[in-house]
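Colleague: I would like to see how this sequence folds:
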Amino acid sequence: MAGHSKWANIKHKKAKEDARKGKVFTKLIKEITVAAKQGGDPAGNPRLRLLLEKAKQENMPAENAARAIKKGTGELPGVHYEAVTYEGYGPGGIAIIVETLTDNKNRAVAELRTLFSRGGGNLGEAHSVSWMFEKKGVIRAQDSKFSEDELLEKLLDFNIEDINITDGLLTITTDPAALGQVRDAVVGFGMKVDDAELEWVPKNTLSISAEDEEKAYALLENLEDHDDVQHVYTNLE
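Modeller: Alright, predicted model coming up:
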């Protein structure tokens, strides 16, 4: 699939480091709080269910998740987070989408603009790069016991768009509506799912010079490290 990129694997490995540092808890709590606004019962809220499963995988204490849900439903007082998506360009002209959850949009946009500028890019207007991407379901799992062809055969009944195994990391791209079903099927095969998310997947990837690529990775990692940033997507090859 044209949208597969090295950054996705680098980002995945970085997420493992963040998990060890405990940073992932903060971002998950924000997401759970916001998702719970649509209903605190995971059975009727697929997004919340996926987040709670991820929290369990990351060994987040159950009481942390429960408190985040209560803040989202209004049972407990909490900070009001707003989901805001920013778009821009990085070194070499790569396109970047940044998803945030923030309690202060003015602060967030000012700090992100500074990060883009210092990193050799620039923050753009809404929809300036999102047309280069599509929202897809993306599942990542470790140590696949099957080849790409074997998995494709096992998942024929689902709306699978791509299966890729690189450096031991399995990535399955699906129609957004099929994400939960495919994730459950993969778990049923005895595989450990690391992530099952709706992501911005580039329609095509962009190859840039080694010098620009180094700058681009630095910018992308700095964006990921910002407290308000939940996800960063790019069309960097």
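Colleague: Toward the C-terminus from the helix or strand of the chain at the bottom of the mean pLDDT ranking, list the very next helix or strand.
Modeller: Considering only helices and strands, the least confidently modelled element of the chain by mean pLDDT, DSSP states H and E is helix 6-21, at a mean of 68. Heading C-terminal from helix 6-21, the first helix or strand you meet, by DSSP states H and E, is helix 23-35.
Colleague: ok now do G39, which residues does it touch?
Modeller: Under the criterion of CB atoms under 8 Å, 6 or more residues apart in numbering, the contact partners of G39 comprise 45, 48, 73. C-betas here are computed from N, CA, C, even on glycine.
Colleague: Tell me the most packed of those residues, by neighbour count.
Modeller: For the contacts of G39, the largest number of neighbours (other CB atoms under 10 Å) sits with L48, at 25 neighbours.
Colleague: residues touching that residue, list them.
Modeller: When contacts are counted by CB under 8 Å, 6+ apart, L48 touches 32, 35-36, 38-42, 69.
Colleague: Which pLDDT value belongs to the residue lying closest to it once chain neighbours are set aside?
Modeller: Distances taken as CB to CB, 6 or more residues apart in numbering put A35 closest to L48, at 4.4 Å, once the chain neighbours are dropped. Per-residue confidence (pLDDT) for A35: 93.
Colleague: Pretty sure A35 sits against P42.
Modeller: No: the pair A35 / P42 is not scored as a contact, 9.4 Å apart, by CB atoms under 8 Å.
Colleague: any low-confidence regions in the protein?
Modeller: Residues of the chain meeting the criterion pLDDT under 70: 1-5, 14-22, 143.
Colleague: And the helices in it?
Modeller: Taking DSSP state H as the test, the helices found in the chain are 6-21, 23-35, 46-57, 62-73, 105-118, 148-154, 179-188, 210-225.
Colleague: Can you tell me, leaving aside adjacent residues, what's nearest to E99?
Modeller: Across the structure, with CB to CB, 6+ apart as the measure, the residue nearest E99 apart from its sequence neighbours is H231 (4.3 Å).
Colleague: need the contact list for that neighbour.
Modeller: H231 makes contact with 98-99, 197, 199-200 under the criterion CB under 8 Å, 6+ apart.
Colleague: Tabulate the residues you listed in JSON lines, adding columns for neighbour count and distance to E148.
Modeller: Converted to JSON lines, those look like this (neighbours: other CB atoms under 10 Å; distance: CB to CB, whole Å):
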{"residue": "V98", "neighbour count": "26", "distance to E148": "31"}
{"residue": "E99", "neighbour count": "17", "distance to E148": "29"}
{"residue": "E197", "neighbour count": "16", "distance to E148": "21"}
{"residue": "E199", "neighbour count": "21", "distance to E148": "19"}
{"residue": "W200", "neighbour count": "25", "distance to E148": "23"}
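Colleague: Counting only strands, which of those make the cut?
Modeller: Among those, the subset assigned to strands under DSSP state E consists of 98-99, 197, 199-200.
Colleague: Just flag the most distant two among those residues.
Modeller: When CB to CB is used, the two most widely separated members of the ones in strands among the contacts of H231 are V98 and E197, lying 15.1 Å apart.
Colleague: what about the most centrally placed residue in the chain, distance to E199?
Modeller: In the chain, the C-alpha nearest the mean C-alpha coordinate belongs to H231, at 4.7 Å (CA atoms, centre = their mean). For H231, the distance to E199 equals 7 Å [CB to CB, to the nearest Å].
Colleague: and if you look at H12?
Modeller: Using CB to CB, H12 is found at 11 Å from E199.
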